[in-house]
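Novice: structure, please.
(one chain, ligands or ions: 1)
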Amino acid sequence: MTITVATSASADEPLRLVELPAREVGRRDVRVRVRAIGVNPVDWKMRAGGPLRFAHRFVGPSGPLVVGVDFAGEVIEAGPEADLPIGARVVGATDFSRKQLGSYATEVVVRDEQCTGLPDGVSFEAAACLPVPGATALRALEAAHISTTVPAPGTRILVLGAAGGVGLVTLQIARALGLEAVGVCSTRNTALVEKLGATAVDYTKGDALAAAREHGPYDLVFNAVGTESYALGPSRALLRGRGKVVLIVVRPADVLSFTFSRQVTQVLGRPSRKNLDPLVAWLASGAIEPLIEARFPLAEAERAHEISKAGKVVGKLLLLP
Ligand SMILES: NC(=O)c1ccc[n+]([C@@H]2O[C@H](COP(=O)([O-])OP(=O)(O)OC[C@H]3O[C@@H](n4cnc5c(N)ncnc54)[C@H](OP(=O)(O)O)[C@@H]3O)[C@@H](O)[C@H]2O)c1
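Specialist: Presented below is the predicted three-dimensional model:
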């Protein structure tokens, strides 16, 4: 048996479809027929090199690099101890540190705890938008001591990069939790940010951090863009109490800051059933409604990467195998 995956021999070569032998299913694994794949910037960053690619070389699976993390689909085979039955509709994420291939594939094999079931009303496409962005948003709130179930009244967050995959889901979680949110985006996205219940700050109109000060102080400054665009000093100045600046795009120069400042931290969003469950509940209730900018066949994964790299995607890109 073989599966079709998107891979490339080197970072410079375009992704193309190849056949690989299907993986065996372990005792607690499930084999999922993939129906939709959410594209994340990490998918193309992993191809280009850097610490993640380095880690993949050491602890990841051997063979060609199959990128991709997020997926939704149907269980078509289950190990004897797996707690998801054949036929279950699921959303989940692959993990190369468990020697798993990435999600740009017609099938994935993952541990049962890396997926969760989907209610009938939730589409594969909507679900596939969620794992990495949603898990990252929840981690950022937790890192700033903000409860993701019953947060303190008056909790206020600032999201830098509000219109991206991570930013939009963060604003929707904030709305579901009753947080006050301010989102920094460009002019074309201010109406969208306001529609999600947040106050929009347009970074094309001047110093966005200075403008955001008028709506602060904040319990979380969630920087989903990077410190080149939003420096740490002025970001920290917007905090109150035990508030934190949370980074998800880290430059070497930032490491000193989060090592020595209690106000700055970095997080890694790692999807698992524990964080997928509340996200799926929000999807089912309509509290989270992913915005899908475009869909591509898996064979056009390279095109999706080119668009994602340009840094202007609003919401999510999907691949359909
Ligand atoms: N550490 C982790 O676990 C983790 C997890 C997920 C993502 N990430 C990283 O976080 C970053 C964001 O991820 P993503 O999935 O949200 O990316 P994305 O969907 O590609 O984000 C694109 C959005 O960024 C906005 N943007 C670009 N420059 C901006 C600026 N200067 N200020 C405000 N917004 C700006 C754009 O909106 P405008 O047109 O309005 O500018 C665009 O809509 C990526 O670098 C990704 O690799 C890290």
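Novice: do you know how far whichever residue of the chain sits closest to the ligand is from V39?
Specialist: Relative to the ligand, the nearest point of the chain is G164 (2.4 Å; C-beta to the nearest ligand atom). Placement of C-beta: from N, CA and C, glycine included. Remark: distance between G164 and V39 (C-beta to C-beta, to the nearest Å) = 12 Å.
Novice: more neighbours: which of these two?
Specialist: Ranked by neighbour count (other C-beta atoms under 10 Å), G164 and V39 place V39 first, with 30 against 24.
Novice: skipping adjacent residues, who's closest to that one in space?
Specialist: Closest residue to V39 apart from its sequence neighbours, by C-beta to C-beta, 6 or more residues apart in numbering: L317 at 4.1 Å.
Novice: what sits opposite the one you found in the beta ladder?
Specialist: On the basis of DSSP bridges, L317 is bridged to A294.
Novice: what about it, neighbour count?
Specialist: The burial count for L317: 23, using other C-beta under 10 Å.
Novice: residues contacting it?
Specialist: By C-beta atoms under 8 Å, 6 or more residues apart in numbering, L317 lies in contact with G38, V39, I292, E293, A294, R295, F296, A304, I307, S308.
Novice: and the stretch 1-150 of the chain, which residues reach the ligand?
Specialist: N40, P41, V42, K45, V132, P133, T136 (C-beta under 6 Å from any ligand atom).
Novice: out of these, which one has the weakest pLDDT?
Specialist: For those, the least confident position by pLDDT is K45, scoring 93.
Novice: surely that one meets L52?
Specialist: Yes. In this structure, K45 is within contact of L52 by C-beta atoms under 8 Å, at 6.5 Å.
Novice: and the stretch 151-300 of the chain, which of its residues are near the ligand?
Specialist: Within the stretch 151-300 of the chain, the positions near the ligand by C-beta under 6 Å from any ligand atom are 160-161, 163-167, 184-186, 189, 203, 224-225, 229, 248-249, 268-269.
Novice: switch the cut-off to 8 Å
Specialist: Contact residues, the stretch 151-300 of the chain versus the ligand (C-beta under 8 Å from any ligand atom): 160-168, 184-189, 203, 208, 224-226, 229-230, 247-250, 266-270.
Novice: can you tell me which of these are buried?
Specialist: By neighbour count, with 16 or more other C-beta atoms under 10 Å, these hold 160-168, 184-186, 189, 203, 208, 224-225, 230, 247-250, 266-267, 269-270 as buried.
Novice: flag every buried residue along stretch 267-283.
Specialist: Those would be 267, 269-273, 275-276, 278-280, 282-283, for stretch 267-283 by 16+ other C-beta under 10 Å.
Novice: state the helix or strand in which A200 lies.
Specialist: strand 199-202 (DSSP states H and E).
Novice: which other helices and strands contact that strand?
Specialist: Here strand 199-202 touches strand 180-185, helix 190-195, helix 208-213, going by 3 or more C-beta pairs under 8 Å, 6 or more residues apart in numbering; DSSP states H and E.
Novice: so which elements touch the first one?
Specialist: Looking back up the chat, that one is strand 180-185. strand 156-160, helix 165-177, helix 190-195, strand 199-202, helix 208-213.
Novice: rerun at 10 Å
Specialist: Applying 3 or more C-beta pairs under 10 Å, 6 or more residues apart in numbering; DSSP states H and E, one finds that strand 180-185 contacts strand 156-160, helix 165-177, helix 190-195, strand 199-202, helix 208-213, strand 218-223.
Novice: convert the C-alpha atoms of it to PDB, please.
Specialist: Output of strand 180-185 as PDB, limited to C-alpha atoms (Å, rounded to 0.1, in the frame of the first residue of the first chain):
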ATOM      1  CA  GLU A 180     -11.500  43.000  25.700                       C
ATOM      2  CA  ALA A 181      -9.300  42.800  22.600                       C
ATOM      3  CA  VAL A 182      -7.400  45.200  20.500                       C
ATOM      4  CA  GLY A 183      -6.100  44.000  17.100                       C
ATOM      5  CA  VAL A 184      -3.300  45.500  15.100                       C
ATOM      6  CA  CYS A 185      -3.700  45.100  11.300                       C
END
